[in-house]
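Student: fold the following.
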Amino acid sequence: MANPVIKAELREKAGKGSSRALRRAGRIPAVIYGNKKEPVTISLDRIALVKELNTGGFLNTTYDIEVGGKKEMVLPRDVQFHPVTDWPLHVDFLRLAEDATIEVMIPVHFLNEEDCPGLRAGGVLNVVRHEVELSCPANAIPESIEIDIAKLELGESVHISHVKLPEGVTPVITDRDFTIATIAAPSGLKSAEAEAEKAEVEEEGETEENNE
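Tutor: Next up is the predicted model:
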């Protein structure tokens, strides 16, 4: 699948004054760095950039930036926004090699919540990790990780070992089978269970005293 293309122009000058002038002209300053090459300062059309930002997953999407008829594969690494208007002010792009492997935070989506027996019994989906850091091929970064919870019961959990990852994609954390989500009992049920356990302990204590 081809990467989406962002068209850019080279910036002749850097600095705050030049950047302000670009923004007044409807363009956003940016830089391409990495892959053992010199950084390249560029500018992007503001409307086209905002359109990409609004599609979602901008920082997890591999792009081809076209500058002067040449393309470079990049991954957005940072976007600075205006604190009041929320307009983008600057973008950092990481230059990627064709065979590069990178570490990216990937969002987690849960499927079939309506069929989950634990949720139907009154449980609550307790999401421990809304994103999972994965090592991915630069040209095959998944948009999200989907987890089917159709068979989870109360008290059961989803660990990373339960997730089928795309080919070539592996978790960055490898020293433990970390939890992504659990089906937790509702607070009312927990309180009732705690009271029942307390009453049972007290009853056992009274029985022991009577036997003595």
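Student: any idea what Glu103 is bridged to?
Tutor: Beta-bridge pairing for Glu103 (DSSP bridges): Ser135.
Student: list the residues that contact it.
Tutor: By CB atoms under 8 Å, 6 or more residues apart in numbering, Glu103 lies in contact with 133-136, 172. In short, each C-beta sits where N, CA and C put it, glycine included.
Student: go again with 10 Å.
Tutor: By CB atoms under 10 Å, 6 or more residues apart in numbering, the residues touching Glu103 are 133-136, 170-172.
Student: ranges for the strands of the protein?
Tutor: 5-10, 27-34, 37-45, 63-67, 70-81, 88-95, 101-111, 124-127, 131-137, 145-148, 157-159, 170-171, 179-184 (DSSP state E).
Student: out of those, flag the one nearest Gly118.
Tutor: strand 179-184 (3.5 Å; CB to CB).
Student: partner strands of that closest one and their direction?
Tutor: strand 124-127 (antiparallel), strand 157-159 (antiparallel).
Student: flag every buried residue along the last one.
Tutor: What that stands for is strand 157-159. Taking 16 or more other CB atoms under 10 Å as the neighbour-count basis, strand 157-159 is seen to contain the buried residues Val158.
Student: and what of the longest one?
Tutor: Of the residues in strand 124-127, those with enough neighbours to count as buried (16+ other CB under 10 Å) are Leu125.
Student: please apply the same query to stretch 24-39.
Tutor: Residues of stretch 24-39 classed as buried by neighbour count (16+ other CB under 10 Å): 27-32, 34.
Student: now these as a markdown table including pLDDT?
Tutor: A markdown table is the format used below for these (pLDDT from 0 to 100):
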| residue | pLDDT |
| --- | --- |
| Arg27 | 94 |
| Ile28 | 95 |
| Pro29 | 95 |
| Ala30 | 95 |
| Val31 | 95 |
| Ile32 | 95 |
| Gly34 | 90 |
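Student: between the residues you listed, which is closest to Thr85?
Tutor: Checking the buried residues of stretch 24-39 against Thr85 with CB to CB, the nearest one is Ile28 at 12.7 Å.
Student: can you name the residues bridging to the closest one?
Tutor: On the basis of DSSP bridges, Ile28 is bridged to Leu44.
Student: contacting residues for it?
Tutor: With contact taken as CB under 10 Å, 6+ apart, Ile28 is in contact with 8, 19, 22, 42-50, 79-80, 87-91.
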